[in-house]
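J.: structure here, sequence nowhere to be found:
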């Protein structure tokens with residue numbers, strides 16, 4: 001997981017799928033990165049608490065006044081302990097609207113796309129140099145992540161651009177509004193004039209009166225004789 005600031009600082013947080021951690025999984029880590037593990041490999045509530053106390057709190061302690069943490073898909077991880085830490089360190093949470101990260105999430109808007117292109121190149125080179133490896137070895141991952149952070153020279157610029165493009169910093173809601181299709185509250189209905197004329201003409205005509213069709217009860221031989229059968 002990546003978290004960033006409007007000044008261009010980036011802090012990777014890696015979660016391995018494992019029940020234990022090994023020293024070689026953390027050798028050569030990029031500056032500011034933190035490593036952890038879960039049995040499922042997912043970022044759960046315990047990981048969120050560790051991320052919040054080891055990355056967010058130290059960042060908040062260096063700043064004065066209210067601090068803002070913006071994120072998506074975080075509401076399920078916020079608990080009482082996190083709320084108490086927020087009150088103690090003057091931190092506010094803002095959760096982005098659902099299905100809006102392509103417009104409102106700075107990393108999604110300008111950071112992840114070039115990062116993924118660079119990461120694919122690094123992985124391709126890794127496969128060429130390690131043909132016997134069927135998957136990425138965890139002990140090699142920290143060095144590859146460090147390459148990604150160091151090679152992606154424009155990461156700070158891209159991150160700053162993401163905050164600007166989403167209107168978060170500098171604050172400008174129009175940045176998002178300008179990307180939303182225009183909404184017309186008044187609904188208009190256009191009906192072809194020839195169709196209206198046709199409907200009016202047929203509306204004034206006298207419809208053909210239909211008599212009630214009744215069942216005739218007669219013997220079978222009379223019906224056959226009437227229809228011309230012997």
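T.: Noted; the coordinates are in hand. Note that the structure is a prediction, hence the values are computed from the model and not measured.

J.: who touches the longest helix anywhere in the chain?
T.: Assignment by DSSP state H gives helix 112-129 as the longest helix of the chain. Outside of helix 112-129, the residues within contact range by CB atoms under 8 Å, 6 or more residues apart in numbering are 2, 133, 136, 140, 144, 147, 148, 151, 152, 154, 155, 158. Using the backbone N, CA and C atoms, a C-beta is placed for each residue, glycine as well.

J.: tell me where the protein has strands.
T.: Applying DSSP state E to the chain gives strands spanning 2-4, 10-17, 34-38, 67-71, 91-95.

J.: in the second one, what counts as buried?
T.: So the one you mean is strand 10-17. 10, 11, 12, 13, 14, 15, 16 (16 or more other CB atoms under 10 Å).

J.: so the second one versus residue 107, what's the distance?
T.: By that I understand residue 11. Look at residue 11 and residue 107: by CB to CB, to the nearest Å, they are 12 Å apart.

J.: one more: the fifth one?
T.: Applying CB to CB, the value for residue 14 to residue 107 is 16 Å.

J.: if I look at residue 170, how far off is residue 70?
T.: 15 Å.

J.: right, I mislabeled it, should have said residue 150
T.: 26 Å.

J.: where does pLDDT dip in this protein?
T.: Along the chain, segments meeting pLDDT under 70 span 153, 183-192, 204-211, 213-230.

J.: spit out the contact partners of the closest residue to residue 167 other than its chain neighbours.
T.: Nearest residue to residue 167 in three dimensions, chain neighbours excluded: residue 175, at 3.3 Å (CB to CB, 6 or more residues apart in numbering). Residue 175 makes contact with 164, 165, 166, 167, according to CB under 8 Å, 6+ apart.

J.: now rank these by neighbours and give me the top one.
T.: Neighbour counts for these, by other CB atoms under 10 Å, peak at residue 166, which reaches 25 neighbours.

J.: which residues touch it?
T.: 103, 104, 105, 106, 109, 175, 176.

J.: ok, those vs residue 21, which is closest?
T.: Distance to residue 21 across these (CB to CB) is lowest for residue 105, with 29.4 Å.

J.: quick check: the closest one vs residue 46, distance?
T.: 24 Å.

J.: cool, residue 178 as well?
T.: Taking CB to CB, one finds residue 178 at 40 Å from residue 46.
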